[in-house]
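J.: I would like the atomic coordinates for the input below:
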Amino acid sequence: GIQVSPARLDCTVAANRQTSQTLTVINPTTDVQLFEVYADNFTESVKTSPASFTLEAGAKKTVTVTVNFDSQNSNRILSTTLSVVGKPLLGSQQFSVGTGVKIPLSITQTAQTEPAKIPKAEMELTLAMLLIIVGLWSVYVHKTSNT
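T.: As a prediction, this is how the structure comes out:
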């Protein structure tokens, strides 16, 4: 009583950054079902939205999976699974059995890339050359406008 695609998620996230991917959950049954989607591990870093929802028979829902690591650890691969569990919404007199699937989630942490820094000496030299060029240009414009 449940269909989920894709069958696995692989994501790459830089330290102190986040990334998101989507899952599509389909209710192939003839019953209205309550679904829950959650990470089995790294619950502080892996969030799903919505985490709980109902689907009519044959309906589908897109779930966003967001991965966010605050650690500076880089170049490592973490693995967990996402649980997608569906339970029929039946009257209390009926016996109901839930169904579920596990979606493998691979998270590759990389080093945060920072913009290239210009050394102070190079910046000062560039600024000095720019000021000299502007000064020479203004002298040239002033002399040519007087003649």
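J.: excluding chain neighbours, what is closest to the spatially most central residue of the chain?
T.: The residue lying closest to the centre of the chain (Cα atoms, centre = their mean) is T19, at 1.5 Å. Of all residues not flanking T19 in the chain, V13 sits nearest, at 4.7 Å (Cβ to Cβ, 6 or more residues apart in numbering). Quick note: C-beta positions are derived from backbone N, CA and C, even for glycine.
J.: before we move on, back to that, contact partners of whichever strand or helix holds the residue nearest to the centre of the chain?
T.: Element membership for T19 (DSSP states H and E) is strand 17-26. The contact list for strand 17-26, computed with Cβ atoms under 8 Å, 6 or more residues apart in numbering, reads 2-6, 9, 11-13, 35, 37, 55, 58-69, 82, 84, 103, 112.
J.: list buried members of these by neighbour count.
T.: Neighbour counting over those (16 or more other Cβ atoms under 10 Å) leaves 2, 4, 9, 11, 13, 35, 37, 55, 63, 65, 67, 69, 82, 84, 103 as the buried ones.
J.: show me the two of those that sit farthest apart.
T.: Largest separation among the buried ones among the contacts of strand 17-26 by Cβ to Cβ: L55 and F69, giving 30.8 Å.
J.: ok, back up a step: among the contacts of strand 17-26, which ones are in helices?
T.: With helices taken from DSSP state H, there is no overlap with the contacts of strand 17-26.
J.: gap between the helix or strand hosting L130 and the chain center?
T.: L130 is part of helix 120-146 when elements are defined by DSSP H and E. Offset of helix 120-146 from its chain centre (Cα atoms, centre = their mean, to the nearest Å): 47 Å.
J.: quick one: residues contacting A39.
T.: Neighbouring residues of A39 by Cβ under 8 Å, 6+ apart: 46-48, 80-83, 105.
J.: give me the buried entries from these.
T.: 46-48, 80-82, 105.
J.: farthest pair in these?
T.: For these, the farthest-apart pair by Cβ to Cβ is K47 and T81; their separation is 15.0 Å.
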